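In: next comes the sequence, and after it the predicted model I'd like to discuss.
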Amino acid sequence: MEPSRGHRAHAPEDFGIEFDELPALSLSFPSQSTQYSNRNSEEGSITNSQDPPERTNKYVSSKADPVLETLLDKTASSAEEGNEAPRTAREHQTPNWTPKWLRTTTLGLFAGLFLLFALCLAALLGYSLHRDGLFNIGDGTTQLYVWRFGPTATLTLTAIFWTRVEFQAMLYLPWISLGGSKPLTKETLTLDYTTMLSPMVLRRSWREKHYFVFFTVLVSFLLKAQVLFAPSLFSISIQRADHDVDISLRDIFDLDIDNEGLEESTAYYMSKALRNFDVRPPYGVTNNLAYQTFTRSDGSRGTVNEPLTAIVDGLFTGVECLKLQNHLIADQHRKEPGLSGEDVQQLIVSLALQFEGCEDYMRFGDLEILFTKTNDYDATWVLNSNLAPDRPCSNLPQQSPQFVYFAGVLRQSPDDKFKVEVVNQAAVLCASNASIAKVQVIDDGIDPKVTLLPDQPRTPVAANFWKMIASAVPPMYNDVDDGHTNKAPVEALANVLLDMELPVESYDSELMHQSVSKLFEALGPLVGHYRLRQPINDTITGSATMARPRLLVTPWICASMLTIFCIVSYIAGFAAWRHSGNAQRWAKNPTTILGTLHYFYQNPEVMAQVESLLPLETLMTLWSHNKFTPLVLRSWVRLAFLIVNTVVVGCLVTLLLLSNSNHGLTDVNVEGYSHFVWASLPAFVALGIALYISSLDRILRELSILYRASAKPSGIRDLNYSLLEMTGIRALFFSLRRRIWSTSLSQVLVIVCSLLTSLASVLFTATMTPMSSTTNLRQDTSFSPRRSNFAYGADKNYLATQRAVASVLLSQGDGNLTFSRNTYDDMIFNVYSTEDALDDSTDLSVSATIPATRLEGRCSRIPRDTYDIGVAESPNGNPAPYFAQSLVCNGTEHPSIRGREFIYVLRTDDDPAGSTYFADVVNPPVELNLLSKHHCKKEFNETAMFYLYPATSRVYKLVWGEFSQDAGELKFFSAWECDYSWYDVATEVNLVIVDGALSIDPQRPPRPNLETSRPRDVPLDVPYTGEVYDLFQDNLFPTIVRNGTSEKATRFASLVQPNGPLPKEIFGDPEREMEVLEHANHIFAFAAANIASRHNRAGNGLNSTALSDVPDPESLPSVEARLWQNDRHRLVQSPGVTYALVAILGLVIFVLVWSSLSDMVARHRRETHRWLLEMDIRDLAPEGFRSIAAMVVLLRDSNVLGFFSPDSGAMSSKELAASLGDLHFRLGWFRDEKKEEMVFTIGIDDGDGFRFMGGKNDLGKE
């Protein structure tokens, strides 16, 4: 009767032959591709052996093995007993052991996990495409590390666990095949997938129709691809999103204003600044309206990156005008009393005007006309806002009084010298209007954007804007209130819109209409801003637009990974379904040495079939004479891997040094998918290293039990374990307990190398890193002084510049000032250009150290004994402090002649009985009238020339302090004398491209090195300020009118609050003298710089006829500079990640060198040393030693089979090991006394019939 193959629960024909396991990454990324070489390269290979013509099979011949013969007899006898004999334990046994990682539940869990990953990716992709990203994250660079490392680590861990499935599929497939109905072949019995390269496994499993192995290895490949895709799955983009915030309203518009005619010049100066300089409107004003200001609840405004949006009240101003249609002379007569005679006639003329759309004529006032003998015509204009009735035309808005603007030329009648004729006339009838409506304001802190909301109701404002506009223009710039003169009012308003006189003769109604409209455009919103705004503190809901790095899903990467996960999920699910109910089960794990022995004990026919298929030579020499060394343990492979690791470490260190020294490795394009290369390539290299370490660890774990049995006696428990079946941590503890140090170290390497791929995924990042190159700057302009005969009052352009500068001084604290090109604060720079044209579409800038020209005041305190101070009654009848010095005339001091000058008292809201602060620029006693009275002709001429013509140095005396009005005495007084002249100072500047030319970058202000300050070689003229002598109508500092009161045009009036930054109390604080002096010098230097930039600059096509000592542009030296490309992204290597990778790879190199040295010592010296790592596994096992045939060859002569009891099949593995007691096993040569021959096997030295003779090499040596 044929021996039974043993019991099994199921024996499906297709399972194990038509399925294979999905590939996975073990804890150390094991790969079959680096474990063993092909079978055709070594002696003793099972598959290359040829069947000899004669064979001896001990299972065929009863003489071959008495022990096996006894076992076969027992099996036959037990089978023949049938129902009559008691069933043996083996017959009653139900095999129930199956590999943990091949169980249906495990495969189902993997299928579910892969499906979950696919669903997550699909959800992430859809959400990212629909919402322009997943969510906002914090620091982009730091978070990107997390979102690269996290997915990579997760998929690495998943691949590690799938490796267990892959390995067990390859390991158990041949044993599963034994349970099938198909006949066993030599190919199946000699099959060992665990020693093959992965491509060979795929090809061989497909050929053998072991689809389970094929697909598990395929899944392993795909999961490794997922690990490489993972670093590029996410990217970061700067996205903007709105969210609600609490908004604090800071003011409201007062709709009922009483003092419309109150003079207030702030709007005028701001308008001038907006027109003449690069000044943005103050917060709360645009070009055509004013709006409520607001901030966050903490008082901060919006920023460029996080603007605030709110719906607030907007104040709209405008004017509607009707043109003149017809006119009549209603009355004319001689003025009584008036000038009259043969040569002079003074007449009163009344005109009646009719305007378009108005039915009635209206009289608007009497004109005083003066004719002379030489002038028989008069060009005049009239501006009348006191009409009766005040709203004569119903076709104009009725919310405010209307006004007439008339201009005409009247000629004396040739027939009657007391009559006039109207030669030319133009007029408009206008009415201002204002209203409040809701607007949307987006405040970025620099240039707020205002949007008019549709269908918003408007609330009329009753304020007379024309009257407020007229009151905004300072009186010295022509009175625009009711009256007439030979200058037109819009040109007087003028000084807002025009810088030239416009003769009345050229007026027509259209021009006047345009003038009035433009005047309202220029001043209307500003007047509303300064006159109608009242503070409040209210809270509304607005929104903030925040720019945040947003995590995006890379579409094609995500789609690829989604597809792969769907494929592997289907494979795992299909395998679990086919495996359900058809799983192969064994009584014991057949892959451990003890389990294999027990399987052969229960299934001796397998051993017989193997012997019938293998040649005798193979049976005799496969284990005892093999010279096979696993591929990963061969010297040249280890040397190559050692070199590769060393090169990688060297590259990491070198690249880090290059990255740190060059601010990155190379330029990269952050757009598109180029980041996939530098994110996944390091992961690919790290994956290869980890795979080798895993393969090395697998070989050491596979051979460690055999090595231990060959080196010293091993207990039965050692043969009952398989290190390959253990997870990494468990295998580490087991090897440490057994003192298998090489395996322990390999486990440590596997664990640390499992981090390599995840760390390498965040090795490189793209960082914005500017790049610079050397270039030379050409000086296109220079600065030269004005000619000595230049008269300030003769150059109207110069005076207009002074007016414009005065407006800028007053707007510094209120507007968003951006300095003029090639000017910054109190410094002026030459115009520079590069030899090559620069593209302003790219983010280029230039940095250089160039000279900045600035006005500096060298100040010293005036000795107290050289002047008198006190408090006296001023010409206006109020007490005021005065400053007096002796007259110096013709070089002689005249102490008896004391020039006294009253000091300007700063306007305050204090009680008159309290402290009063004063500050002024004085220069007594060089008053022109005083010099003239005392016949000081020399001083008179020099002083007149000094102030009327250019001078390269000017001295001003600055005084300030505090006095008590009720006590009439000074509390504090400070007097300084400052000498102002021009200096050059070396300054580091950044230049940007604006309209194709280089300009100072206001975002990175110039940085002067004040220690390098030196007087200019060619000094410039210092501007005349008008603070001492008011020689001209236009002074350097503004004449400020607030609340109907005009202030003196001095620097201090522009510095004190609310006009400037300084509180009035600072002028009475002796501890803050230097601060006052610094501000006083700075405001003068700022004004002088803006004037010099316009009127002292020569070259580059500028008109320099008024300048002297103009250098030849070709003679100006070039300046060395750095040209920066600021929008360049550099590939930067992370130092922290590099250090971690170098540490891990350094450990790998150290262990490999140690192992190689141990191997070299072991080859030349047979004795062992404690420091040796290498297990002597050379020639220990043949290629394919895990195949069924190889294990049959090794165990066919073992005496262990005789120690199993008939009921051992019913025992668990632990019970079986316990039943064998303290038996010790050895691998090597045994003397079989019964057969009288030497056999190489794993056996038990029983001392008599089966005695251990030594290891393979030991016996060979003997």
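Out: Yep, it's here.
In: phi and psi next, for the closest residue to Gln1125 other than its chain neighbours.
Out: Once flanking residues are discounted, Gln1125 sits nearest to Met771: 4.7 Å by C-beta to C-beta, 6 or more residues apart in numbering. (C-beta placed from N, C-alpha, C; glycine too.) Listed backbone geometry of Met771 is phi -120, psi 140, with angles given as degrees, to the nearest 10.
In: who are the contact partners of Met771?
Out: Applying C-beta atoms under 8 Å, 6 or more residues apart in numbering to Met771 gives the contacts 663, 667, 1124-1125, 1128, 1130.
In: PyMOL command for the buried members of the residues you listed?
Out: Those of the contacts of Met771 that count as buried under 16 or more other C-beta atoms under 10 Å are selected in PyMOL with:
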select buried, resi 1124+1128+1130
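In: any idea which of the contacts of Met771 the model trusts least?
Out: Minimum pLDDT for these is recorded at Arg1128 (75).
In: show me where pLDDT drops low in the stretch 251-400 of the chain?
Out: Applying pLDDT under 70 to the stretch 251-400 of the chain flags the ranges 259, 261, 278, 337-342, 374.
In: one more: the stretch 601-750 of the chain?
Out: In the stretch 601-750 of the chain, residues with pLDDT under 70: 616, 618-619, 669-676, 723-725, 727-728.
In: how about the strands in it?
Out: Ranges of strands in the stretch 601-750 of the chain, per DSSP state E, counting those that start in this stretch, are 667-668, 714-715.
In: so which elements touch the first one?
Out: Secondary-structure packing of strand 667-668 (3 or more C-beta pairs under 8 Å, 6 or more residues apart in numbering; DSSP states H and E): strand 1129-1133.
In: domain ranges for the chain?
Out: As recorded under automatic domain parsing, the domains making up the chain are 7-35+91-233+554-587, 285-541, 630-711+729-769+1135-1170, 781-1125.
In: wait, Ser517 touches Glu320, no?
Out: No. Checked against C-beta atoms under 8 Å, the pair Ser517 and Glu320 is beyond contact range at 9.0 Å.
In: got the confidence number for Tyr145?
Out: In the predicted model, Tyr145 carries a pLDDT score of 67.
In: correction: Lys182
Out: Lys182 carries a pLDDT value of 69.
In: can you check the one 3 residues further on too?
Out: Thr185 is assigned a predicted lDDT (pLDDT) of 76.
In: quick check: closest non-adjacent residue to it.
Out: Excluding its sequence neighbours, the residue lying closest to Thr185 (C-beta to C-beta, 6+ apart) is Leu613, at 7.8 Å.
In: roughly how far apart are that neighbour and Leu171?
Out: To Leu171, Leu613 is 21 Å away according to C-beta to C-beta, to the nearest Å.
In: same question, Ile252
Out: Ile252 is 83 Å from Leu171, by C-beta to C-beta.
In: so between these two, which is more surrounded?
Out: The residue with more neighbours, out of Ile252 and Leu171, is Leu171; 23 against 16, by other C-beta atoms under 10 Å.
In: please, which helix or strand holds that one?
Out: For Leu171, the host element (DSSP states H and E) is helix 140-178.
In: after that helix, which helix or strand is next?
Out: Using DSSP H and E, the helix or strand that follows helix 140-178 in sequence is helix 186-189.
In: which residues are contacting that following helix?
Out: 47, 174, 177, 208, 609-610, 613-614, 1187-1189, 1192.
In: which one of the residues you listed is nearest Leu511?
Out: Glu208 (101.7 Å; C-beta to C-beta).
In: Tyr193 is in contact with that closest one, correct?
Out: No. Taking contacts as C-beta under 8 Å, Glu208 lies outside contact range of Tyr193: 9.6 Å.
In: who has more neighbours, those two?
Out: Neighbours were counted for Glu208 and for Tyr193 using other C-beta under 10 Å; Tyr193 has more, 28 against 21.
In: and the gap between that one and Tyr172?
Out: Between Tyr193 and Tyr172 the computed distance is 10 Å (C-beta to C-beta).
In: now do Met270
Out: Distance, Met270 to Tyr172, using C-beta to C-beta: 89 Å.
In: secondary structure class for Pro199?
Out: helix (DSSP: H, G, I helix; E, B strand; the rest coil).
In: over to Pro1019?
Out: Assigned with three-state DSSP, Pro1019 falls in the coil class.
In: so what's it up against?
Out: With C-beta under 8 Å, 6+ apart, Pro1019 has these contacts: 785, 952-953, 981-982.
In: which of the contacts of helix 186-189 sits closest to Val404?
Out: Using C-beta to C-beta, these come closest to Val404 at Glu208, 110.0 Å.
In: pLDDT score assigned to the closest one?
Out: Glu208 is given a pLDDT of 84.
In: okay, now Cys321: neighbour count?
Out: By other C-beta under 10 Å, neighbour count at Cys321 equals 23.
In: kindly apply the preceding question to Thr286 instead.
Out: If you count neighbours by other C-beta under 10 Å, Thr286 ends up with 18.
In: do the same with Ile1177
Out: For Ile1177, the neighbour count with other C-beta under 10 Å is 19.
In: I'd say it and Leu703 touch.
Out: Yes. Shown here, Ile1177 and Leu703 form a contact pair, counting by C-beta under 8 Å, at 4.8 Å.
In: the stretch 701-850 of the chain: helices as residue ranges?
Out: 716-719, 728-737, 741-753, 756-760, 796-811 (DSSP state H, counting those that start in this stretch).
In: would you turn those helices into JSON lines with mean neighbour count and distance to Phe790?
Out: What follows is the helices of the stretch 701-850 of the chain, written out as JSON lines (neighbours: other C-beta atoms under 10 Å; distance: least, C-beta to C-beta, whole Å):
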{"stretch": "helix 716-719", "mean neighbour count": "20", "distance to Phe790": "109"}
{"stretch": "helix 728-737", "mean neighbour count": "17", "distance to Phe790": "91"}
{"stretch": "helix 741-753", "mean neighbour count": "22", "distance to Phe790": "82"}
{"stretch": "helix 756-760", "mean neighbour count": "26", "distance to Phe790": "73"}
{"stretch": "helix 796-811", "mean neighbour count": "21", "distance to Phe790": "9"}
